[in-house]
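Peer 1: Provided below are the primary sequence and the corresponding predicted coordinates.
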Amino acid sequence: MSSQDAIGTMSAAIFDENTMASKLPKDVFERFMGAMISGEPTSAADQKVIADVLFTWARAQGAVDFAHWFFPIRGGSGAVGGAVGAFKMDTMIDLDFSSKMANKPFFGVLPHERLFQGETDGSSFPNGGLRVTHSAAAFTTWDRSSPPMIVDGVLRIPCAFVTHFGKCIDEKTPLLRSMDAVRTQGLRMLKAVGLATSAKNMYSYLGWEQEFFVVPADLYKARPDLVNCGRTLMGKLPTRNQQMDLNYFAPVPEKVNQLMNTVQAEMMKVGCPIAVKHNEVAPAQHEMSPIYCVANASADNNVLFMEIMNRESARMGLMTLFHEKPFAGINGNGKHANWSIGTDTGLNFFYPGKTEEHAKLYVTALACLAYGLCQHNELVRCSVAHAGNDHRLGAQEAPPAIISLYPGQLFEAHVDSIIAGGDILGYKAEKKMQTTGCAAAMPVEAPTEDRNRTAPFPFCGNRFEFRAVGSSQNCSFPIMVCNTIMASGMAALASLIEGGMSHRDAVADMFKQNRHVIFTGNGYSKEWPVEAVKRGLPNLVTTPMAVATWASDKNKALFEAMKVFTPEETDARAEVMYEAYVTTLRVEGETLVHMIDTGIVPACAKDLEKYKGFAKLAGGREALYVGVVEETEKLKNLLAAPHKEHLADEANYLCEQLKPQMEAVRALVDQAEGLLEAGLYPFPTYEALLYSHHH
């Protein structure tokens, strides 16, 4: 069997429900599964049985250590590796405390107490003031709905991370709480409308599409901006970049293909079915995507994917870039989050289906989604707000910063019909056969609605695709917000019906109140921002603008009602987002200054020296090179200015003052690169980074 036969070794290294069911006593397994719905703790007796079975299974897989794997609030735009998780490795041994020897013997074991709970320092991770050095305790606790797996000989236990007082300081805990909200409000709504009344549970699903660049590791290391910031702060596009879309779906370069095959096999071992691999639009850009699964496990898989990509890239002399915009002038990286919710009986809320029940549920669900996106529009924008994503949102490669819903043009007409008094039923989700016009190729089956790549929230047949998620983000945060706003919509609809309104009238009322969030036109057009203002939809084009809306009274009330965040946790998250933004921009500014002082200015001086006595040949070099120095001095002065007292003010200062100056400096440096004698430019060029590993 090939070492890259992904199918042959799939799920070999994951302790999933199938493995658990086959190895645990039936009663222990059933109690364990039931506790994930009820929220009841697993008893000490069952914990011991599970730990012993897990230890035996892990040892048979070659595991020596175990680790609580959790997900601090690190935000997007990480310089290295995207949204990496956190863990420390503990060897699966313990002392024999029954021994009377002074030096007690040790033996292999997985203590059940340490399997289900751990402790670490909460103040050393971003926490928004919820932990300080003299009050630092924080705890990891197994997310029982996300299965343990073995990675590099370590049994990883996916965990939630909370403080001594139960405040969440991670990405997973809010996601799990939002999934509980979907369950609670979803079942309540189903009962109110009289649909799928046999359902006992609700699930939130996620399928991610991860984009990334692959570049040679030696060239990456020679670029201080890539090493420190994850993106290039200077660089002139090569004459051939993505003008003719030559890279999109082209044959994958051999080294990158080998990398992706290896990563696919590694991910399949831990139960993540990577189903798609291909070249993306920009040169050196690629994408990999799995089949969907339950949202929290899928988010865990995405973090692991980024980690394994980094590991395997390094082994092959490559580097994977997950930053949203590693290279100016060509497409950046997104992470489209395909999201849906459904019942334990198999009903998908976002699939029109072929039965009357399916059709009613679909229209009802979209009324709830429209409510959530409209009433909590700023919240959805905040979920994808960070420094890296500011380079993408609104460009001709990503949706605009305006959050709107695209359910399809035919469904939009159906919404208007319902508002006007029509029945909930009537929307025909019928696929159509489109002829190819030739004998050899059969007609194709086209879906009812066309795709809209300019929409931040388009319908995709049986799910909605949140296209604004940044590639370096942990999926947990945006999906938590999607779940929360959907739960709020289902709660609102249930309240209307519980208050005496009919199902039809409640759906019509919600569509009427939130009709203006539905947009099926071109999100890239110049007219759309103008139209959005008329509709009352916010256009929060920068992270500071978005984060300023996060901890509003309205949002705090929502999170508290849905039991996702306390007001204190909501405030803390805003502080963390501001801190991440401020730190990112300051690191970028200081890195740019360093590269110019130590690389660009000396190169310019050497180049200019060659033109002494040949002023006409030098052209505008001297003025340009002096301009680089002068504009860099302005940048230094901005960086040296005293920090603002409040994080929000500091973030706005850096966004409005520092960032434009960095762009002004870059524009001159990139002009200089085009004039410097070949070989004098002190850093690997875009051309070398993007193409040299293809051969």
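Peer 2: Happy to help now that I have it. Residues are numbered from 1 along each chain as shown.

Peer 1: Quick one: low-confidence residue ranges for this structure.
Peer 2: Scanning the chain for pLDDT under 70 picks out 1-4, 76-82, 396, 695.

Peer 1: how does it look with 80?
Peer 2: Along the chain, segments meeting pLDDT under 80 span 1-6, 75-83, 394-397, 429-430, 447-451, 694-695.

Peer 1: What are the structural domain limits within it?
Peer 2: Per the TED database, the domain ranges recorded for the chain read 7-169, 178-579, 580-692.

Peer 1: Tell me which of those is the most buried.
Peer 2: domain 178-579 (a mean of 20; mean count of other C-beta atoms under 10 Å). Quick note: C-beta positions are derived from backbone N, CA and C, even for glycine.

Peer 1: Check the separation of the first and last residues in that domain.
Peer 2: 24 Å (C-alpha to C-alpha, to the nearest Å).

Peer 1: From the chain's centroid, how far away is that domain?
Peer 2: Distance of domain 178-579 from its chain centroid, counting by C-alpha atoms, centre = their mean, to the nearest Å, is 9 Å.

Peer 1: go on, stretch 647-659?
Peer 2: Distance of stretch 647-659 from the chain centroid (C-alpha atoms, centre = their mean) equals 24 Å.

Peer 1: and that stretch, C-alpha only, in PDB?
Peer 2: Provided in PDB are the C-alpha atoms of stretch 647-659 (Å, rounded to 0.1, in the frame of the first residue of the first chain):
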ATOM      1  CA  LEU A 647      -7.200  50.500  22.400                       C
ATOM      2  CA  ALA A 648     -10.000  51.600  20.100                       C
ATOM      3  CA  ASP A 649      -8.200  55.000  19.600                       C
ATOM      4  CA  GLU A 650      -4.900  53.300  19.000                       C
ATOM      5  CA  ALA A 651      -6.500  50.900  16.500                       C
ATOM      6  CA  ASN A 652      -8.100  53.900  14.600                       C
ATOM      7  CA  TYR A 653      -4.800  55.800  14.700                       C
ATOM      8  CA  LEU A 654      -2.900  52.900  13.100                       C
ATOM      9  CA  CYS A 655      -5.700  52.300  10.600                       C
ATOM     10  CA  GLU A 656      -6.100  55.900   9.500                       C
ATOM     11  CA  GLN A 657      -2.500  57.200   9.800                       C
ATOM     12  CA  LEU A 658       0.100  54.300   9.900                       C
ATOM     13  CA  LYS A 659      -1.500  52.100   7.300                       C
END
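
Peer 1: Give me the residues contacting it.
Peer 2: 542-544, 547-548, 575, 578-579, 581-582, 585-586, 589, 635, 638-639, 641, 643-644 (C-beta atoms under 8 Å, 6 or more residues apart in numbering).

Peer 1: redo that, cut-off 10 Å
Peer 2: With C-beta atoms under 10 Å, 6 or more residues apart in numbering as the test, stretch 647-659 has contacts from 387, 390, 541-545, 547-548, 574-586, 588-589, 592, 634-635, 638-639, 641-644, 646, 662.

Peer 1: how far away is Thr141 from Lys167?
Peer 2: Applying C-beta to C-beta, to the nearest Å, the value for Thr141 to Lys167 is 13 Å.

Peer 1: Common neighbours of the two, please.
Peer 2: Residues touching both Thr141 and Lys167 (C-beta under 10 Å, 6+ apart): Thr173.

Peer 1: Many thanks, have a good one.
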